[in-house]
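1. sequence and predicted structure below; questions after.
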Amino acid sequence: MPYMKNGKRDFKREYEEYHSTEKQKKNRAKRNAARSQMEAEGRVSKGDGKDVDHIKPLSKGGSTAKSNLKVKSKSANRSFARNKDSSIK
């Protein structure tokens with residue numbers, strides 16, 4: 001797993017090299033906009049344990065259009081099939 005130091009995750013380095021990039025900031029803004037859109041429709045609310053899922057992920061060219069969004073439980077949305085090297089299939 002990247003960003004590991006002495007067997008522990010180095011969150012500071014991970015943020016500096018990945019999360020603080022312009023691309024990731026734009027993607028985070030898109031995810032926040034999608035959540036706000038679903039909250040306005042009453043499909044999710046703060047603290048309800050649900051995530052807004054992009055049917056076609058932003059990383060694969062998906063959008064925040066209503067037709068590309070659905071509500072899933074956190075556990076279902078955050079679990080992915082993984083390869084042996086822990087990367088997402």
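-> The structure has been received and is ready for your questions.
2. how about stretch 78-89: buried residues?
-> By 16 or more other C-beta atoms under 10 Å, stretch 78-89 has no buried positions at all. Backbone N, C-alpha and C define where each C-beta goes, glycine included.
3. equivalent analysis for stretch 71-78, please.
-> Buried, per 16+ other C-beta under 10 Å, within stretch 71-78: nothing.
4. please, where are all the strands along the chain?
-> Secondary structure of the chain (DSSP state E): strands located at 4-5, 8-9, 50-54, 69-73.
5. which of those strands is buried the deepest?
-> Sort the strands of the chain by mean neighbour count, taking mean count of other C-beta atoms under 10 Å, and strand 50-54 sits at the top with a mean of 18.
6. now that one: mean pLDDT?
-> Computed over strand 50-54, the mean pLDDT rounds to 93.
7. about what we covered before: who wins for proximity to Asn27 among the strands of the chain?
-> With respect to Asn27, and counting by C-beta to C-beta, the nearest of the strands of the chain is strand 50-54 at 10.2 Å.
8. still on that earlier bit, distance to Ser79 for the strands of the chain - can I get that in JSON lines?
-> Shown next, in JSON lines, are the strands of the chain (distance: least, C-beta to C-beta, whole Å):
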{"stretch": "strand 4-5", "distance to Ser79": "21"}
{"stretch": "strand 8-9", "distance to Ser79": "19"}
{"stretch": "strand 50-54", "distance to Ser79": "11"}
{"stretch": "strand 69-73", "distance to Ser79": "10"}
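9. of those, which is nearest Arg28?
-> That would be strand 50-54 among these, by C-beta to C-beta, at 12.9 Å.
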